[in-house]
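Colleague: 3D model of this:
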Amino acid sequence: MAAGADWPLTGAQVTASLDEALSEATLVLATSGAPRNAERPVMGPDDAARICRDHIAAGGSPVVLFGAERTGLEQEELVRADIIVTYPTSPRFASLNLAASVAVFGYAWVASRSTPGLPDGWYQPGRTPGPRAGFEALLTNLVAELDDARFFWPADRRATMLE
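Modeller: Alright, predicted model coming up:
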């Protein structure tokens, strides 16, 4: 639960069965720490996210399955998948908890967008930052003005306030 991140849930649907949940799916990916003889292609989240994006662009409806927190996906659920998604973890701890698994896949999804680089609004083309010396001079002048105005009070808090 993240502040203001309830929008993904507005379109969520609760289904009575996996059959119902997959009825409109044209590609099924299942997350697993171990393929358990599922005889499916296995890939990491980066490749899986790109395949999902390409599939959506072609008009498909991919579904990513995440298992229960304690047990993960059952073998019967894994064999319903076209692709197994696994994470590059330590062999000693091959699986992630549910929240971490969803977060890692979500990050891979965002990172796979067609426009590389920072999100919109984080960079303004044509604007380059000024030299650091100019910023330092501005900051020095600002601190001097704040000192003159006796802004830093009590005096023993000045260092913390400057940070």
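Colleague: V85 touches G44, doesn't it?
Modeller: Yes: at 7.2 Å, V85 and G44 qualify as touching, with contact defined as C-beta atoms under 8 Å. For the C-beta atoms, the positions are set from N, CA and C on the backbone; glycine is no exception.
Colleague: Looking only at neighbour counts, state which of the two leads.
Modeller: Taking other C-beta atoms under 10 Å, V85 and G44 do not tie; V85 has more neighbours (28 against 13).
Colleague: which residues touch that one?
Modeller: V85 makes contacts with 29-32, 42-45, 48, 64, 105, as judged by C-beta atoms under 8 Å, 6 or more residues apart in numbering.
Colleague: Using CSV, write out the CA atom coordinates for the helix or strand hosting E136.
Modeller: Counting by DSSP states H and E, the element that carries E136 is helix 132-148. The C-alpha trace of helix 132-148 is given here as CSV (Å, rounded to 0.1, in the frame of the first residue of the first chain):
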residue,chain,number,x,y,z
ARG,A,132,28.5,24.1,-9.5
ALA,A,133,30.5,27.2,-8.5
GLY,A,134,27.5,29.4,-9.3
PHE,A,135,25.3,27.3,-7.0
GLU,A,136,27.8,27.4,-4.2
ALA,A,137,28.1,31.2,-4.5
LEU,A,138,24.3,31.5,-4.4
LEU,A,139,24.2,29.3,-1.3
THR,A,140,27.0,31.3,0.4
ASN,A,141,25.1,34.6,-0.2
LEU,A,142,21.9,33.1,1.0
VAL,A,143,23.4,31.8,4.3
ALA,A,144,25.1,35.3,4.8
GLU,A,145,21.7,37.0,4.4
LEU,A,146,20.0,34.4,6.8
ASP,A,147,22.8,35.1,9.4
ASP,A,148,22.3,38.8,9.1
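Colleague: got a list of contacts for it?
Modeller: With C-beta under 8 Å, 6+ apart as the test, helix 132-148 has contacts from 152, 162.
Colleague: how many neighbours does F152 have?
Modeller: As a burial measure, F152 scores 16 neighbours (other C-beta under 10 Å).
Colleague: repeat for W109
Modeller: 17.
Colleague: Go ahead and confirm it touches C52.
Modeller: Yes: between W109 and C52 there is a contact under C-beta under 8 Å: 7.1 Å.
Colleague: ok, back up a step: which ones among the contacts of V85 map onto helices?
Modeller: Mapping the contacts of V85 onto helices (DSSP state H) picks out 45, 48, 105.
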